[in-house]
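*Asks:* predicted model and sequence below, questions to follow.
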Amino acid sequence: MELKETRHILGLSGGKDSAALAIYLKQQGRADRMEYFFCDTGAELPEVYEFLDRLEDFLARPITRLSSGRDFDHHLKRFNNFLPAPHARWCTRVMKLEPLEAYVGDDPCVSYIGIRADEQRNGYISHKPNIKAAYPFVEDGIARADVFRILEHSVGIPEYYRWRSRSGCYFCFFQRQDEWLGLADTHPHLFERAKRYEKVDPSTGKQFTWVQGRSLDDVLAHREQIEATKLARERRSGESWQQIILDDDEDDQACLICTL
């Protein structure tokens, strides 16, 4: 039986690290056989799609858009209208991981992951034996400052980092409350759309909200308090809020296939 050639793939989330890795490997002459992909839920921020277009132009190679074939509303009905949450990340599984594993199939594959040398996390590791992980930034000692240097000298830094610490869906449940305010200010129509997914069980009174214990209307109502907390953190750290946001990935527990 003829052996299949090993595929080399690099998943792009729209975030800084995976983008910088794609650029870095191209500049190092290590991307001749690379396949680039993006797992598209259809609910990503507009800035993510714009950034991917710029990145695709720079790489001069197509970025394959993978999809589950159905939108978020379809999958939400499948899961009895239970919103995804940190303890029930069905959105990542059915809208990102399953399309990725279907794309790879049974082919032997090396997946290049943008974990940096200054991080203590592993990224998405497939349970399929044909998919092996590679960490070029770890091997080459590339840290956060290097990532920003790579981006600033090529495609620039994604615009959403002005107010948000991660790429991914506009309604990502890992957003902090100040980031929800950023969504309300930057994309009010998406904030309103996210609000429509929240509901109250009429029989129990239980709330199903994106922010634990608080609706998005409550977040807006507490804007002054949230912004005061944000300002106090800036003063304590002596850093700008954007730098604080960009530093937060050290302890980020979000879905890594989304945030890299």
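*Replies:* In hand now; what should we look at? Residues are numbered from 1 along each chain as shown.
*Asks:* can you show me the helices along the stretch 101-250 of the chain?
*Replies:* Along the stretch 101-250 of the chain, counting by DSSP state H, counting those that start in this stretch, helices occupy 136-140, 144-152, 177-186, 188-197, 216-221, 223-237, 241-247.
*Asks:* just name the most buried of the ones you listed.
*Replies:* Mean neighbours per residue, mean count of other C-beta atoms under 10 Å, is largest over the helices of the stretch 101-250 of the chain for helix 177-186, with a mean of 19. The C-beta positions use only the backbone N, C-alpha and C, and glycine is treated the same way.
*Asks:* which strands or helices does it pack on?
*Replies:* helix 188-197, helix 216-221, helix 223-237 (3 or more C-beta pairs under 8 Å, 6 or more residues apart in numbering; DSSP states H and E).
*Asks:* next, the contact list for V219, please.
*Replies:* Q177, W180, L181, A184, V211, I226 (C-beta atoms under 8 Å, 6 or more residues apart in numbering).
*Asks:* same list (the helices of the stretch 101-250 of the chain) but as TSV, adding mean pLDDT and distance to Y49.
*Replies:* Formatted as TSV, the helices of the stretch 101-250 of the chain follow (pLDDT from 0 to 100; distance: least, C-beta to C-beta, whole Å):
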stretch	mean pLDDT	distance to Y49
helix 136-140	96	25
helix 144-152	94	17
helix 177-186	96	15
helix 188-197	97	13
helix 216-221	97	23
helix 223-237	88	27
helix 241-247	62	21
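*Asks:* out of these, the one nearest A31 is which?
*Replies:* helix 136-140 (10.5 Å; C-beta to C-beta).
*Asks:* quick one on the thing from earlier: among the helices of the stretch 101-250 of the chain, which comes closest to A20?
*Replies:* With C-beta to C-beta, the closest approach to A20 among the helices of the stretch 101-250 of the chain belongs to helix 144-152: 4.3 Å.
*Asks:* from the contact counts, what lies against the closest one?
*Replies:* Right, helix 144-152 is packed against helix 16-27 by 3+ C-beta pairs under 8 Å, 6+ apart.
*Asks:* now the helix it packs on, how far from the chain's geometric center?
*Replies:* Distance, stretch centre to chain centre, for helix 16-27: 15 Å (C-alpha atoms, centre = their mean, to the nearest Å).
*Asks:* for stretch 79-91, same thing?
*Replies:* With C-alpha atoms, centre = their mean, you get 17 Å for stretch 79-91.
*Asks:* again, but for stretch 37-44
*Replies:* On C-alpha atoms, centre = their mean, the centre of stretch 37-44 falls 9 Å from that of its chain.
*Asks:* pLDDT of stretch 87-101, averaged?
*Replies:* For stretch 87-101, mean pLDDT is 92.
*Asks:* first-to-last residue distance for that stretch?
*Replies:* 22 Å (C-alpha to C-alpha, to the nearest Å).
*Asks:* which parts of that stretch are buried?
*Replies:* R89, C91, T92, V94, M95, K96, L97, P99, L100, E101 (16 or more other C-beta atoms under 10 Å).
*Asks:* ok, which of the helices and strands packed on helix 177-186 comes nearest L12?
*Replies:* Using C-beta to C-beta, the helices and strands packed on helix 177-186 put helix 188-197 closest to L12, at 21.3 Å.
*Asks:* got the contact list for that closest one?
*Replies:* Taking C-beta under 8 Å, 6+ apart as the rule, helix 188-197 contacts L45, L76, L83, Y170, F171, W180, L183, A184, W210, S215, L216, D217.
*Asks:* and the closest residue to the third one other than its chain neighbours, how many neighbours?
*Replies:* Setting aside the residues directly before and after it, L83 is nearest to F208 in space (C-beta to C-beta, 6 or more residues apart in numbering), at 5.4 Å. A count of nearby residues for F208, using other C-beta atoms under 10 Å, gives 14.
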